[in-house]
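> Take a look and give me a structure for this.
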Amino acid sequence: MPFLTLHLAALGVFLVPFHWHFVVLLAVTYLVRMFGVTAGYHRYFSHRSYKLNRFFQFLLAALAQSSGQKSVLWWAAHHRVHHLHADKDPDIHSPGLRGFWWAHVGWVISNDHDKYNPRLIQDFGKFPELRFLDRYHWIPPVLLGAITFVAGGWGAFLWGFVLSTVLLYHATFCINSLAHVWGTRRFATADDSRNNFLLALITLGEGWHNNHHRFMHACRQGILWWEVDFTYYALRLLNSFGVARDLRGVSLPTNEPEVQA
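Numbering: from 1, shown residues only. All right, here's what the predicted structure looks like:
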């Protein structure tokens with residue numbers, strides 16, 4: 001019901017007077033939180049592709065959770081299962097096995113996967129502040145929603161939080177669904193992962209999904225110069241300031257077989 005309610009509330013943007021600053025707010029809250037999803041949920045907490053100190057780790061976790069995609073411990077634990085069994089029966093969101101709808105959103109809104117195996121995420125579960133965010137995963141999105149409403153009223157709330165969150169949901173979910181059925185395959189991985197330029201644009205680089213399944217611990221997912229990966233560019237910038245450290249790279253063997261399917 002909360003998921004459906006949020007989607008219905010997004011239609012409220014047609015009921016408030018239009019202003020271009022709402023569009024700017026939408027873009028900012030989408031892009032900043034998408035960075036939280038890609039650099040936080042995915043590349044840091046799921047794959048540990050770089051290092052942060054404890055303070056920035058907590059800030060990144062809070063930013064990621066402001067997207068409303070539950071806790072970083074829940075997200076990363078389920079994602080690690082996905083990589084252990086990609087497109088095989090234990091994979092809870094394989095479109096080839098369970099259909100597009102279930103892979104895209106069904107598994108998220110069902111009650112079947114509300115819990116996770118804490119042993120899969122012991123490396124981060126040891127931090128009490130992350131366990132706090134796990135227990136109260138709703139606090140960051142509620143705070144963001146309240147801030148947008150107080151700062152700009154219903155228009156800012158509907159554009160900068162509600163619609164932005166819905167768009168974030170579906171852009172993120174497209175990697176689970178579309179990135180396993182639509183695109184090209186550079187590497188002959190044991191799954192159906194694919195590279196997709198359009199998905200890479202709307203997810204700041206996550207669309208290079210076949211690359212990622214070949215080098216899942218690499219911080220960089222866009223390998224070739226034209227494979228835009230804005231998350232990686234931002235992490236390189238944070239690295240120059242000493243915030244993100246030890247970015248893990250891609251090491252491609254010279255005899256690596258490639259496919260272009």
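
> all helices for the stretch 1-150 of the chain, in order.
In the stretch 1-150 of the chain, the helices defined using DSSP state H, counting those that start in this stretch lie at 2-10, 20-35, 54-65, 72-84, 95-98, 100-101, 107-109, 122-125, 128-135, 139-157.

> other SSEs contacting the longest one?
Right, helix 139-157. Applying 3 or more Cβ pairs under 8 Å, 6 or more residues apart in numbering; DSSP states H and E, one finds that helix 139-157 contacts helix 20-35, helix 54-65. Backbone N, C-alpha and C define where each C-beta goes, glycine included.

> mean confidence for that helix?
Helix 139-157 shows a mean pLDDT of 97 in the predicted model.

> Measure how that helix sits relative to helix 20-35, angle-wise.
Counting by axes from the mean of the first three to the mean of the last three Cα atoms, to 10 degrees, helix 139-157 lies at 160 degrees to helix 20-35.

> So for helix 139-157, what gets flagged as buried?
P140, P141, L144, G145, T148, F149, G152, G155, A156, F157 (16 or more other Cβ atoms under 10 Å).

> ditto for the fourth one
By 16+ other Cβ under 10 Å, the buried positions in helix 72-84 come out as V72, L73, W74, W75, A76, A77, H78, H79, R80, V81, H82.

> One more: stretch 56-65?
Q57, F58, L60, A61, A62, L63, A64, Q65.

> State the distance from the residue most central in space within the chain to L97.
Centroid-nearest residue in the chain: V37, 3.5 Å away (criterion: Cα atoms, centre = their mean). As judged by Cβ to Cβ, to the nearest Å, V37 and L97 stand 24 Å apart.

> so where is the chain shaky, pLDDT-wise?
252-261 (pLDDT under 70).

> and if we set it to 90?
The model of the chain has pLDDT under 90 over residues 1-4, 85-103, 105-115, 250-261.

> Touching stretch 23-39 from outside, list them.
60, 63-67, 69, 144, 148, 152, 156, 159-161, 163-165, 167-168, 171-172, 203-206, 230-231, 234-235 (Cβ atoms under 8 Å, 6 or more residues apart in numbering).

> How far does that stretch sit from its chain's centre?
Mean-position distance between stretch 23-39 and its chain equals 11 Å (Cα atoms, centre = their mean, to the nearest Å).

> ditto for stretch 174-190
In terms of Cα atoms, centre = their mean, the centre of stretch 174-190 is found 16 Å from the chain centre.

> got the CA coordinates for that stretch in PDB?
Output of stretch 174-190 as PDB, limited to C-alpha atoms (Å, rounded to 0.1, in the frame of the first residue of the first chain):
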ATOM      1  CA  CYS A 174      15.400  -1.500 -14.400                       C
ATOM      2  CA  ILE A 175      18.900  -2.900 -13.600                       C
ATOM      3  CA  ASN A 176      17.300  -6.000 -12.100                       C
ATOM      4  CA  SER A 177      14.900  -6.500 -15.000                       C
ATOM      5  CA  LEU A 178      15.800  -4.800 -18.300                       C
ATOM      6  CA  ALA A 179      19.600  -5.100 -17.800                       C
ATOM      7  CA  HIS A 180      19.200  -8.900 -17.900                       C
ATOM      8  CA  VAL A 181      17.100  -8.900 -21.100                       C
ATOM      9  CA  TRP A 182      17.900  -5.800 -23.200                       C
ATOM     10  CA  GLY A 183      21.400  -4.800 -24.400                       C
ATOM     11  CA  THR A 184      24.700  -6.300 -25.600                       C
ATOM     12  CA  ARG A 185      27.100  -8.800 -24.000                       C
ATOM     13  CA  ARG A 186      30.800  -8.100 -24.100                       C
ATOM     14  CA  PHE A 187      31.800 -10.900 -21.700                       C
ATOM     15  CA  ALA A 188      30.500 -14.500 -21.700                       C
ATOM     16  CA  THR A 189      29.400 -14.500 -18.100                       C
ATOM     17  CA  ALA A 190      27.400 -17.300 -16.600                       C
END
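
> Mind listing what's buried along that stretch?
For stretch 174-190, using 16+ other Cβ under 10 Å, the buried residues are C174, I175, N176, S177, L178, A179, H180, G183, R185, R186, F187, T189.
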